[in-house]
Each structure stands twice: as structure tokens, then as C-alpha cells.
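Trainee: got a predicted structure here, sequence first:
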Amino acid sequence: MRIKTKLLFSLFLFFIILEYSEAQETVYPAGHNIVATYELSSTDLEIVDTLLVTRTITNNESFGLANLYLAENLPFEFGILSYSLEIDGAPIPHAYLGPFGGEIFSSCNSYRWVIDDPSPSDTTNRVLMPGELLVLEYAIACTTVGNYVLPFHTLCAYGDTSGIFTVADSLMVTFSPGSRTSEGPLVFPVSSYISSAYPNPFNDEVVIDLGHLELPDDPVRLTVYDLMGDEVFDAEYILIASGHRIHWRPKKNIATGVYFYRLQTGVIVSTGKMTFLK
């Protein structure tokens, strides 16, 4: 049985979002022996840094957690570069959905990792059994200096005879200009930002979302590289005024693997990472 959306939002209305220097996650209803954590690699970063978010779910109950998914809301200035999702150290099948602009908060994109979809036609089916540990880690880049609130991080599941969900308190994260010019895992041009590619991983077509940029009238050039730095695709696109998305379908000779993409229009440069699965 799926947790109803109305129930989730009704409970959210009674939940007061607070700010802490460390994440605290609460399981509802109370009394369940499920341990949920939400941790940030830092709350004070420079704009060249990558923010790592680690979420863990340990099922200490006597029953499995079905209909399971995790959700996150991130400011529009943030982009997810990559992520990993494992149970007891092994990658698992899942669906990665998003970003959905303004779905929960008007200033945030929403993302979901679906581990167990209750739909009979869906092949995403992995119950978190008693004693198992689920770990989701994702890397985030920010393109604009400022203070940001990361609100409403949730897990939803069905266990035993009732719906179960968790909520982690909001956290404040600061990205400052910093003094480093050649250190850190990411260095961007002044007029650059991180776009979102979804679904990611993908096996047919990927959509690269340019977000809410004020784009010039110039064509947008998409270049895709493999892990060796070899160019596998290069083309220009003309986007209509209301369109901020590029759909890319790999050619048949492109192998399964991780690819990097680069978008450029005028002085605006966007970069990202995506995984192609045949």
C-alpha cells in the first residue's frame, strides 16, 4: 500500500522546519526501530567545492520496508553531479526522478530515488529487509555565492500495517567566493552553472535541463565526452524562447559508461555528468 500524498502533505503542515548545524532525522509514527541519518560533508564551503550528502537507512524492525523512496529538495542554484545508491554495499536497481521545479517549494527542485515502486507494471522492486543498510550519497555543486537552506528531506515506505516516513531538519549551507584558485574538485568559469540531466542513469534518451537561465539568442552547443576525454558527440541546437531542455539520444555505437557533457551559449557554460546504460 502506497503512502498517500495527501497524508504526507498534511503531516508536513504540522512539521516546523528548523535549522541545525547537524542533521537530525525523525521517524514517524514514533516507536519504529528504524535509524535514519542525513549528513553533510560541510556547511561552510567555497564555490569551487563539492558538497556531499550522505543518507543512511537501517532497518532494525522484524519486517521489510516496501514502497520505499527517498526525496530531496534543493535550491535552483544547486545541481546533482553524481550519486550512488547501495544496500549492504551493493548497487541496486532503482528509478531516479527529477528535477521537478517548484513541486514542493517554489525556490527548489525536487528529486526522488524510488527503490520499491508499488505499481505492478514497474520492475523497480527492492524491499529493505530486516538488518539491511541503505546508503544514498550524492555530490552537489553550487554556482552562486550565498546562504542556502536545504529543506524537507524525506523517506517514505510501508511497513507492517502502516505507512512510515522520516523528516530531517533543515540545514543552512554557505557557499563563499573563497581564496583558492586551483584547489578543490570543481573549478568553473565565472559565467558557468550546473545543469540537470535526467533520468540519470538513462538507457534511451536523456533530458538536459538548462533551468531558469536568461538565454541569449545564440545556438546552444552540446558536446559529450567519455571518461578518456574523447569527444563522442557535438552539435548545435536552436532553443525556442520557452524551451530550456535538450533531448539527447546516444548512437548505437556508444558504449555503456559514464559521460560528461558541456553546454555553451554565448558566454554561459554548463557542465554535468551522466551515466548511459544499454
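Mentor: Structure's in. What do you need?
Trainee: could you check the pLDDT of Ile240?
Mentor: Listed pLDDT for Ile240 reads 57.
Trainee: likewise the one 5 residues further on?
Mentor: Reading off the per-residue confidence, Arg245 sits at a pLDDT of 78.
Trainee: could you check how far it is from Thr256?
Mentor: As defined by C-beta to C-beta, to the nearest Å, Arg245 lies at a distance of 24 Å from Thr256. Just so you know, the C-beta spots here come from the backbone N, C-alpha and C atoms, and that holds for glycine as well.
Trainee: what of Ala66?
Mentor: 30 Å.
Trainee: who has more neighbours, these two?
Mentor: Set side by side, Ala66 and Thr256 show more neighbours around Ala66, with 19 against 11, by other C-beta atoms under 10 Å.
Trainee: got the contact list for the more buried one?
Mentor: Neighbouring residues of Ala66 by C-beta atoms under 8 Å, 6 or more residues apart in numbering: Asp116, Pro118, Val127, Ala157, Tyr158, Gly159.
Trainee: what's the local residue count around the second one?
Mentor: Applying the criterion other C-beta under 10 Å, we find 15 residues in the vicinity of Pro118.
Trainee: tell me which element it is part of?
Mentor: Taking DSSP states H and E as the definition, one finds Pro118 inside no helix or strand.
Trainee: again, but for the fifth one
Mentor: Under the assignment given by DSSP H and E, the secondary-structure element containing Tyr158 is strand 153-159.
Trainee: direction included, what does that strand pair up with?
Mentor: When pairing is defined by DSSP bridges, strand 153-159 lines up against strand 66-75 (antiparallel), strand 162-168 (antiparallel).
Trainee: packing partners of the following helix or strand past the last one?
Mentor: Read that as strand 162-168. With elements assigned by DSSP H and E, the helix or strand that comes after strand 162-168 is strand 170-176. In terms of contact count using 3 or more C-beta pairs under 8 Å, 6 or more residues apart in numbering; DSSP states H and E, strand 170-176 is assigned the packing partners strand 19-20, strand 34-40, strand 44-46, strand 146-150.
Trainee: direction included, what does the last one pair against?
Mentor: Its sheet considered, strand 146-150 pairs with strand 170-176 (antiparallel) by DSSP bridges.
Trainee: likewise the second one?
Mentor: Taking DSSP bridges as the criterion, strand 34-40 sits next to strand 51-59 (antiparallel) in its sheet.
Trainee: gap between the strand it pairs with and the chain center?
Mentor: The chain centre lies 13 Å from the centre of strand 51-59; the measure is C-alpha atoms, centre = their mean, to the nearest Å.
Trainee: quick check: mean pLDDT across it?
Mentor: 93.
Trainee: coming back round to it: tabulate the contacts of Ala66 (a markdown table), appending distance to Ala30 and pLDDT.
Mentor: Formatted as a markdown table, the entries for these read as follows, by distance: C-beta to C-beta, whole Å; pLDDT from 0 to 100:
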| residue | distance to Ala30 | pLDDT |
| --- | --- | --- |
| Asp116 | 23 | 88 |
| Pro118 | 24 | 73 |
| Val127 | 23 | 92 |
| Ala157 | 15 | 93 |
| Tyr158 | 17 | 92 |
| Gly159 | 14 | 89 |
